[in-house]
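A.B. asks: With the input below, show me the fold.
(2 chains)
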Amino acid sequence: ETGVTQSPTHLIKTRGQQVTLRCSSQSGHNTVSWYQQALGQGPQFIFQYYREEENGRGNFPPRFSGLQFPNYSSELNVNALELDDSALYLCASSSGGARISTDTQYFGPGTRLTVL
Amino acid sequence: QQQVKQSPQSLIVQKGGISIINCAYENTAFDYFPWYQQFPGKGPALLIAIRPDVSEKKEGRFTISFNKSAKQFSLHIMDSQPGDSATYFCAASRTSGYSTLTFGKGTMLLVSP
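C.D. replies: Predicted coordinates:
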C-alpha cells in the first residue's frame, strides 16, 4: 500500500510568483485535504476535494485554489505569493468523502515553501 | 480565534516518566478529538482519538482523558521513551455534516535518556 506522497519537497519562490504543489493520495482514498502549517503552529485547513469537487474551504483567500484529478491526486495552486505564504503545505487523504471527521486522515510529508 | 488551545508549548521528560499535554476547546459542537504525532520532516500521524461519550481511552502507553463539562482533554504518555520525542498536536472536529480538523499549536516533547 503506497502512502501519501507530495512533490516537490522544497520550493523557493519570490513574492508575486505562482506555485503549484502536488499530492498523490493513498491507494483507495477518494478525499484530499490541504493544510498550511506555519513554523511553530498547528496545521490550518485550506480546503478539501472529494470526487474532483471542492467540498469545503477554510479561511484562505481565493488566490489559493486546487484541483483533484480522476485518479484522486490533487494540486494546490497559490497565486500572487506573499511572504506570509512561507510554510509547510500538507496534503492528507482519507476515504470518508464529506464526513472527514469520522475517517482517519493520512498526511504526506509536506512541501516546504519559502517565499522571498 | 483559536478554537483549540494547547499547553505546554514544550516539555522535557526523563525516560520512564509521564508526559502530559493538555488541550481546551471552545466550540461545544466538537465531538471528535484526535491526537497527532509529528516527527521532523514527516507529516502528522494519528496517534489516538476519543469521542465525548467516554471519559478515557487507552492504547498501549498512550491515554486520552476527556472532561466534557470543562471542555478539556489531555494526552498522557506513560513510561516515556526517547523515541516518543516529537511534536504532538491535539485537534477537534464535528462528526455531523461537513467538518474539518482544528488543530492546537503543538507541544514539542523531548524525552531525555
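
A.B. asks: For the lowest-mean-pLDDT helix or strand in chain A, output the C-alpha coordinates as CSV.
C.D. replies: None of the helices or strands of chain A scores lower by mean pLDDT, DSSP states H and E than strand A:53-57, at a mean of 88. Extracted C-alpha coordinates of strand A:53-57, given in CSV (Å, rounded to 0.1, in the frame of the first residue of the first chain):
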residue,chain,number,x,y,z
GLU,A,53,-15.1,18.9,-6.4
GLU,A,54,-14.2,21.3,-3.7
ASN,A,55,-16.0,20.0,-0.6
GLY,A,56,-15.2,22.7,1.9
ARG,A,57,-12.9,25.6,2.5
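
A.B. asks: Retrieve the pLDDT associated with the one residue sitting closest to the centre of chain A.
C.D. replies: Geometric centre of chain A, nearest residue: A:Trp34, 2.8 Å, by C-alpha atoms, centre = their mean. pLDDT for A:Trp34: 95.

A.B. asks: Confirm for me that it is in contact with A:Phe47.
C.D. replies: Yes. In terms of C-beta atoms under 8 Å, A:Trp34 counts as a neighbour of A:Phe47; the distance is 5.9 Å. Heads up, the C-betas are built off the backbone N, CA and C, glycines and all.

A.B. asks: so what sits against both of these two?
C.D. replies: Counting by C-beta atoms under 8 Å, 6 or more residues apart in numbering or on different chains, the residues touching both A:Trp34 and A:Phe47 are A:Gly66.
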